[in-house]
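Student: 3D, please:
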Amino acid sequence: MNSPPEILLVTGMSGAGKSTVLKTLEDLGWEVVDNLPLSLLDRLLHTEAAPAQAGTSRPLAIGIGSMTRDFDAAAIVRQIDRLHAAGRRNVDALFLDCATEELARRYDETRRRHPLALDRPAREGIAQERELLEPLRRGASRLIDTSHFSSADLAQHIRRIFAQPGLSDPAISVMSFGFSRGLPQDADLVFDMRFLRNPHWVPQLRPGTGKDADVAAYVAEDPAYEPAVSRIEDLLLLLLPRYRAEGKSYINIAIGCTGGRHRSVHVAERIAARLRDAAFSPTVTHRDLAAVQQERLEGRPDGQ
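Tutor: All right, here's what the predicted structure looks like:
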């Protein structure tokens, strides 16, 4: 499969999944315009893509259907051909097809009326639209038959084809926190570091934080530290690509200890570094690092 285009015209049969495709592309970071009057299409196609993250530009998806104002399938094909002839090879057309029986079932199931058969059976509108869209179907560079796709299946298929590195990746956050001050409300994954020995109970280490080398070394010397943290890292490296494939936009990883200043801070920094080595781009925050230490919040000297 060729690399994703910078401009994608999304069209096809009503009920074949155009709305699902456009919503999925928008979730992937694309700029999306739906039902643009064709009189404005030429102007939009000659507009530079909006800047996104550093080093990337947002690709553009334009939804077009039989109910689009000024719709003319042959004219759209000619427009694409003109752009290609002018050297604009980054313009593609995606046609969403679907079997008539399946389209009729979908309209019957949702009790919606076909836009071309408001007062007639849906099958008549489907047949009329199929004939109307045939030039676009023939001229499309990409065709997806959605007859056997659920909405979730179609969204997953679109993610596999059109996700772009650096644009479609989820935003990953690694946060340290103290259980004594409550769980982060938006955490997706929570890991508890209270099984590690607590630097709070070492007088010379207590004023420091998990960012300090002596505190980090003390935590890392716990016999359970390396096997536990390395397994957490392996788990995250397994899960994060799966979350990305499912289209999750935000992944919040929370690392907790009692006060949120020592163990969780060090482990959060280590895990974030491991994720960066694996080509992820996590942001790191330490929610309770600046909180005033309180003896009563730290529990007993055994770290419980």
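
Student: Where does residue 177 sit, in terms of helix or strand?
Tutor: strand 171-178 (DSSP states H and E).

Student: could you say what helices and strands that strand packs with?
Tutor: strand 250-257, helix 263-277, strand 283-286 (3 or more C-beta pairs under 8 Å, 6 or more residues apart in numbering; DSSP states H and E). Glycine gets a C-beta too; all of them are placed from N, C-alpha and C.

Student: Okay, buried residues for the helix or strand just after that strand please.
Tutor: Using DSSP H and E, the helix or strand that follows strand 171-178 towards the C-terminus is strand 189-192. Neighbour counts using 16 or more other C-beta atoms under 10 Å place 189, 191 of strand 189-192 among the buried residues.

Student: same thing with stretch 244-259?
Tutor: For stretch 244-259, by 16+ other C-beta under 10 Å, it's 244, 247, 251, 252, 253, 254, 255, 256, 257, 258, 259.

Student: now swap in stretch 77-90 and tell me
Tutor: So, applying 16+ other C-beta under 10 Å, buried residues of stretch 77-90: 77, 79, 80, 83, 90.

Student: what do you get for stretch 145-161?
Tutor: Buried, per 16+ other C-beta under 10 Å, within stretch 145-161: 146, 149, 154, 155, 157, 158, 159.

Student: what does it contact?
Tutor: 1, 4, 16-17, 20-21, 23-25, 28, 96-99, 102, 144, 168, 245-247 (C-beta atoms under 8 Å, 6 or more residues apart in numbering).

Student: how about the buried residues of stretch 77-90 in CSV, adding secondary structure, distance to residue 10 and pLDDT?
Tutor: Converted to CSV, the buried residues of stretch 77-90 look like this (DSSP: H, G, I helix; E, B strand; the rest coil; distance: C-beta to C-beta, whole Å; pLDDT from 0 to 100):
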residue, secondary structure, distance to residue 10, pLDDT
77, helix, 15, 85
79, helix, 15, 81
80, helix, 13, 82
83, helix, 16, 78
90, coil, 15, 79
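
Student: So which of these is the closest to residue 125?
Tutor: Nearest to residue 125 among the buried residues of stretch 77-90 is residue 77, at 22.3 Å by C-beta to C-beta.

Student: elements contacting the helix or strand bottoming out on mean pLDDT in the chain?
Tutor: Least confident element among the helices and strands of the chain, by mean pLDDT, DSSP states H and E: helix 38-45 (a mean of 72). Applying 3+ C-beta pairs under 8 Å, 6+ apart, one finds that helix 38-45 contacts strand 60-63, helix 73-85.
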